[in-house]
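J.: give me the fold of what follows.
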Amino acid sequence: MTFDAKTVSFPPDDVRDDAPLGGYYQDFGDALDLVHRGVHGPMDPEGRPLATYGGGAPHYSSILIAQYALACVPGARAGDQVCLARLRMQAEWLIAQQERDGLREGYWIQRFDNQKYPTLCAPWVSALAQGNAISALLRAREILGKEAYLG
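T.: This is a model prediction of the structure:
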């Protein structure tokens with residue numbers, strides 16, 4: 001099945017509270033196809049999606065990478081080795097890119113100008129990036145067992 005980026009939807013997932021963490025509230029499953037087709041931009045050689053928002057040069061976006069990680073979670077929970085590897089790759093990038101000192105310690109900084117909102121010039125902080133990254137890392141820690149994903 002293929003999806004058109006203009007008509008794809010992300011309905012609420014079946015979230016339960018009987019699991020240690022539960023599912024993410026939004027099903028990003030359709031996003032896998034979009035990322036793999038290059039709708040947002042190309043993949044880097046190591047398997048991380050790059051964004052070309054607004055027609056600019058490809059760049060890393062912690063929002064896109066965290067959402068890609070969240071899209072891989074259901075397959076990773078089911079034991080799919082490809083999804084496990086993709087989840088690990090995205091989680092490792094998120095940990096490596098988290099600010100380690102200064103006023104923005106602990107944050108994921110957007111290092112590109114936002115074409116949609118011109119007042120957001122690099123470097124800027126996105127609440128969406130923080131929430132998606134934390135959610136992805138908590139689930140990666142639960143699935144992969146790596147304590148470093150707790151920050």
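
J.: wait, what's in contact with the most centrally placed residue in the chain?
T.: With distances taken as CA atoms, centre = their mean, residue 66 lies nearest the centre of the chain, 1.4 Å away. Residues in contact with residue 66, defined by CB atoms under 8 Å, 6 or more residues apart in numbering, are 90, 94, 108, 129, 132-133, 135-136. C-beta here means a position set from N, CA and C on the backbone, and glycine is covered the same way.

J.: closest to residue 20 out of these?
T.: For those, the closest approach to residue 20 (CB to CB) belongs to residue 135, at 13.9 Å.

J.: which SS class is that closest one?
T.: Local secondary structure at residue 135 is given as helix here, using DSSP: H, G, I helix; E, B strand; the rest coil.

J.: count of residues packed around the closest residue to it other than its chain neighbours?
T.: Nearest non-adjacent residue to residue 135, counting by CB to CB, 6 or more residues apart in numbering: residue 24, 5.9 Å away. Taking other CB atoms under 10 Å as the neighbour definition, residue 24 ends up with a count of 21.

J.: what's the pLDDT at residue 24?
T.: Residue 24 is assigned a predicted lDDT (pLDDT) of 83.

J.: residue 13 too?
T.: According to the model's per-residue confidence, residue 13 sits at a pLDDT of 67.
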